[in-house]
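Student: curious how this folds, go ahead:
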Amino acid sequence: QVQLVESGGGLVESGGSLTLSCVVGDSMFDFASVAWFRQTPVKRVMIASVNREGDTNYLDSVRGRFTISRNNDRKTVYLQMNSLKPEDTNDYYCNRVVGDNPIYDSWGPGTRVTVSS
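Tutor: Numbers count the residues shown, from 1 in each chain. Here you go, the predicted structure:
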């Protein structure tokens, strides 16, 4: 079973920055698209993804403020979060994806981001 371990969350003031990390224990990481998600009342929504070539995609609400990147040697995906807003307060998760769909049913513990106004 692939292990997903997110970290880097915390409490930050509005306008501040955080960098999240996720270690993906997957031998196929180098070839995979990976993404960050956050929770909505209905489901977890993909907010940023990066494919094996380094091409990125973002949800409109975070584009221009968040940057996803990867380090294949460390099997780690990052999310640099700038200009944070109170509405970014949420739990953040990572997963491998095909399109917009997460592959692994077993999610990591997530990392909590709280943005104060």
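Student: hey, let's count contacts and neighbours off CA atoms from now on
Tutor: Noted.
Student: can I get stretch 29-46 as CSV, trimmed to CA atoms?
Tutor: Provided in CSV are the C-alpha atoms of stretch 29-46 (Å, rounded to 0.1, in the frame of the first residue of the first chain):
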residue,chain,number,x,y,z
PHE,A,29,6.5,8.3,-8.7
ASP,A,30,8.8,9.5,-11.4
PHE,A,31,6.3,8.6,-14.1
ALA,A,32,3.2,9.7,-12.2
SER,A,33,1.1,12.8,-12.2
VAL,A,34,0.6,14.0,-8.6
ALA,A,35,-1.7,16.6,-7.1
TRP,A,36,-2.8,18.5,-4.1
PHE,A,37,-6.4,18.4,-2.9
ARG,A,38,-8.5,20.2,-0.3
GLN,A,39,-11.8,19.3,1.3
THR,A,40,-15.1,20.7,0.3
PRO,A,41,-18.4,19.8,2.0
VAL,A,42,-19.0,17.3,-0.9
LYS,A,43,-15.6,15.9,-1.8
ARG,A,44,-11.9,16.5,-2.0
VAL,A,45,-11.2,18.9,-4.9
MET,A,46,-7.9,18.9,-6.8
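Student: mind listing what's buried in that stretch?
Tutor: Neighbour-count burial for stretch 29-46, with 16 or more other C-alpha atoms under 10 Å as criterion, is recorded at 29-30, 32-38, 45-46.
Student: go on, stretch 68-76?
Tutor: 68-70, 75-76.
Student: sitting in strands, which of those residues do you find?
Tutor: The members of the buried residues of stretch 68-76 that map onto strands under DSSP state E are 68-70, 76.
Student: any idea how far F29 lies from D100?
Tutor: Going from F29 to D100 by C-alpha to C-alpha, to the nearest Å gives 17 Å.
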